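>>> Let's see this in three dimensions:
(one chain, ligands or ions: 1)
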Amino acid sequence: MKKTFREKIISKFIKLAKKNKLLHYPCLAALTVALGVYHLIRHFATNTKRYASVVFVMIFFMASCSFSFAVFAERTGFIRAQETYSAIVEDSDISLAVETEAYTEEEIVLEEVDGADLEYNPENDMSGDVYTLDDILENGEEYRTDNSLEGEGQETENYAFSSTDWRLVLINKQHPISEDYEFKLGRIKDNLQCDERIIEDLLLMMQAAKKDGLNIAIQSPYRTSDRQEHNFNKRIKLYMGQGMSYMDAYKKASQVITVPGCSEHEIGLALDITSDTFQPLIQEFADTQEGMWLAEHSHEYGFILRYPAGKEYITSIEYEPWHFRYVGREAAKIMYEEEICLEEFWDKYL
Ligand SMILES: [Zn+2]
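Below is the predicted model:
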């Protein structure tokens with residue numbers, strides 16, 4: 001007669017126990033456990049209704065955990081806001097971009113909201129101030145003119161781009177700043193700072209505009225992560241105060257303010273550029289002489305208009321004719337000529 005699986009297990013243990021008397025009790029214990037597990041598995045495997053109900057309970061439990069996780073993490077400070085964001089919103093991000101309008105990154109940043117927390121002191125933050133080249137250089141002196149433009153620039157055709165090039169680092173909601181990203185801040189003037197490697201090209205660009213009779217002005221280049229986080233958390237508090245759940249408040253805040261850890265201002269590669277006579281960060285800037293000059297010439301100095309009109313569906317940020325990002329001259333030339341944004345550049349060249 002053919003033995004069942006259960007009988008096989010039992011006879012195996014009995015044989016083992018008979019061979020060695022010392023193993024008698026351990027064998028008995030092991031047999032009990034083995035039979036228990038065996039019966040438990042059979043119990044569920046042979047009854048699909050029972051099995052289905054257990055699976056359903058497990059799925060329900062996991063789903064409810066994933067919703068409460070963000071709240072738990074925020075309350076305990078277990079993980080930081082941007083990590084929460086990427087953990088939860090990564091999958092839903094595409095639908096988020098589709099169902100919501102793109103917003104400008106800066107429009108609400110400076111707005112004051114009650115209940116501001118104390119760690120951040122806006123008085124130390126000069127990034128709202130506006131500087132022209134004359135403000136930066138003082139005494140009306142001249143920055144050296146750029147001779148490198150002639151002759152250079154033609155070599156970009158065979159230029160090999162590298163995905164590890166700091167100038168090309170891709171920062172957006174889907175690509176937050178990595179924790180090991182390193183850069184050195186350089187001082188443009190007073191508290192006006194940015195990545196020190198882009199200052200030379202920045203001043204050359206301002207000098208070139210000045211030679212064309214235009215006074216372009218820079219504001220809020222490097223923005224600390226603290227400031228970004230402060231603004232972001234403030235906004236969440238505001239929405240929660242209006243009765244929203246944490247998740248809804250988080251989602252809404254991330255549409256209006258760049259999620260902390262996802263702004264190019266935080267790594268000193270982005271600048272908001274306007275002029276001495278026109279400083280609001282609004283789309284009308286594009287129609288000013290300076291706005292047109294920048295759109296036409298910034299790439300010659302390695303800067304690109306990071307959020308162009310017509311690319312909102314890719315960048316998920318509204319057209320910002322004032323927000324410029326340094327990518328280096330070779331890449332900027334290609335993006336300008338091919339009318340592609342940084343995300344498209346990555347797809348094509350990296
Ligand atoms: Zn900006």
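>>> could you pull out the strands for the stretch 251-350 of the chain?
Taking DSSP state E, counting those that start in this stretch, the strands of the stretch 251-350 of the chain run over residues 270-275, 303-305, 323-326.
>>> ok, now the stretch 1-150 of the chain?
Under DSSP E, counting those that start in this stretch, the stretch 1-150 of the chain gives strands at 130-132.
>>> how about the helices of it, start to end?
Counting by DSSP state H, counting those that start in this stretch, the stretch 1-150 of the chain has helices at residues 5-19, 24-45, 48-76, 81-89, 93-99, 133-137.
>>> weakest of those in terms of mean pLDDT?
Per-stretch mean pLDDT for those is lowest at helix 93-99 (a mean of 35).
>>> Contact partners for the closest residue to Thr288 other than its chain neighbours?
Leaving aside its sequence neighbours, Thr288 sits nearest to Phe278 (CB to CB, 6 or more residues apart in numbering; 5.0 Å). Where C-beta positions appear, they are placed from N, C-alpha and C, glycine not excepted. Contact analysis of Phe278 by CB atoms under 8 Å, 6 or more residues apart in numbering lists Glu284, Phe285, Thr288, Glu290, Gly291.
>>> Between these, which sits nearest the ion?
Nearest to the ion out of the contacts of Phe278 is Phe285 (CB to the ion; 12.0 Å).
>>> List the contacts of the nearest residue to the closest one once chain neighbours are set aside.
Among residues not flanking Phe285 along the chain, Gly291 sits closest, at 4.5 Å (CB to CB, 6+ apart). Going by CB under 8 Å, 6+ apart, Gly291 touches Ser275, Phe278, Phe285, Pro321, Trp322.
>>> The residue of the stretch 251-350 of the chain found nearest the ion - how many residues pack around it?
Residue of the stretch 251-350 of the chain nearest the ion, by CB to the ion: His323 (3.6 Å). Under the neighbour criterion other CB atoms under 10 Å, His323 is assigned a count of 22.
>>> beta partners for it?
The bridge-partner assignment for His323, based on DSSP bridges, gives Asp272.
>>> Any chance of CSV for the strands of the stretch 251-350 of the chain, columns mean pLDDT and distance to Glu229?
Listed next are the strands of the stretch 251-350 of the chain as CSV, based on pLDDT from 0 to 100; distance: least, CB to CB, whole Å:
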stretch, mean pLDDT, distance to Glu229
strand 270-275, 94, 17
strand 303-305, 98, 26
strand 323-326, 96, 20
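>>> Switch the ones you listed over to a markdown table; also include distance to Cys341.
Output for those, formatted as a markdown table (distance: least, CB to CB, whole Å):
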| stretch | distance to Cys341 |
| --- | --- |
| strand 270-275 | 14 |
| strand 303-305 | 8 |
| strand 323-326 | 10 |
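>>> Distance of His24 relative to the ion?
Shown here: His24 relative to the ion, a distance of 77 Å by CB to the ion, to the nearest Å.
>>> Who are the contact partners of that residue?
His24 is in contact with Ala17, counting by CB under 8 Å, 6+ apart.
>>> Low-confidence ranges, the stretch 251-350 of the chain, go.
Residue ranges of the stretch 251-350 of the chain with pLDDT under 70: 255-256.
>>> Could you identify the buried members of the contacts of Phe278?
With burial judged by 16 or more other CB atoms under 10 Å, the buried subset of the contacts of Phe278 is Phe285, Thr288, Glu290, Gly291.
>>> Touching, the third one and Ala209? I think so.
Yes: at 7.0 Å, Glu290 counts as touching Ala209 under the criterion of CB atoms under 8 Å.
>>> shared neighbours of these two, anything?
The contact sets of Glu290 and Ala209 overlap at Asn215, Ile216 (CB under 8 Å, 6+ apart).
>>> ok so, going back, nearest to Ile41 among the buried ones among the contacts of Phe278?
Proximity of the buried ones among the contacts of Phe278 to Ile41 (CB to CB) peaks at Phe285, which lies at 68.4 Å.
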